[in-house]
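**Q** fold the following, please.
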Amino acid sequence: MPVTISSARTAGGFVKKIKELSGENLHLCYQCGTCSGGCPAASHMDLSPRQIIHLARLGLDEDIAGCRTVWVCASCLACTVACPRGFDLSRLMEAIRQLALRKRADHVGPEDIPPEKRRELPQIAMVSGLRKFSG
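**A** You can find the predicted model right below:
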């Protein structure tokens with residue numbers, strides 16, 4: 001399906017909201033791929049972190065909303081530490097999750113995880129998962 005990219009779309013509400021929530025300048029990223037290469041969860045993502053930045057920059061929120069990547073991101077800051085430009089990708093991912101949750105879109109709710117699996121999960125994963133509902 002063809003996508004029309006215009007200055008109105010790239011300067012539109014989604015891009016402004018991302019910048020407002022994350023405090024990050026999307027144009028700081030020059031697509032080197034260091035974030036994707038160092039991400040411990042990248043093998044479980046359908047789009048690479050670099051692709052998420054690119055889609056966000058273009059204002060393609062519908063494409064981002066349909067992917068698992070922002071939900072798989074553990075916000076471990078490996079990408080942020082490795083970024084040669086100082087771009088905090090974990091803040092961008094958190095902003096995208098917040099926008100999705102405001103639309104009541106989520107992939108997994110804590111109540112969907114069986115109790116026996118909850119005991120096996122790292123505590124930080126549960127805290128991170130539940131934190132999504134408090135923002």
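
**Q** from now on I want contacts and neighbour counts done on CA atoms only, so please keep to that.
**A** Will do.

**Q** show me the shaky parts of the protein.
**A** 1-12, 104-110, 122-135 (pLDDT under 70).

**Q** that one: helices as residue ranges?
**A** 7-10, 13-22, 34-38, 49-57, 61-65, 69-72, 78-82, 89-102, 115-120, 123-131 (DSSP state H).

**Q** which other residues reach the fifth one?
**A** When you say that, I think you mean helix 61-65. The contact list for helix 61-65 (C-alpha atoms under 8 Å, 6 or more residues apart in numbering) reads Phe14, Ile52, Leu55, Ala56, Ala100.

**Q** rerun at 10 Å
**A** 13-15, 47, 51-53, 55-56, 70, 96-97, 99-100, 105-106 (C-alpha atoms under 10 Å, 6 or more residues apart in numbering).

**Q** I'd like the helices of the chain as JSON lines, with distance to Leu28 appended.
**A** Output for the helices of the chain, formatted as JSON lines (distance: least, C-alpha to C-alpha, whole Å):
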{"stretch": "helix 7-10", "distance to Leu28": "15"}
{"stretch": "helix 13-22", "distance to Leu28": "12"}
{"stretch": "helix 34-38", "distance to Leu28": "13"}
{"stretch": "helix 49-57", "distance to Leu28": "10"}
{"stretch": "helix 61-65", "distance to Leu28": "19"}
{"stretch": "helix 69-72", "distance to Leu28": "19"}
{"stretch": "helix 78-82", "distance to Leu28": "12"}
{"stretch": "helix 89-102", "distance to Leu28": "11"}
{"stretch": "helix 115-120", "distance to Leu28": "38"}
{"stretch": "helix 123-131", "distance to Leu28": "27"}
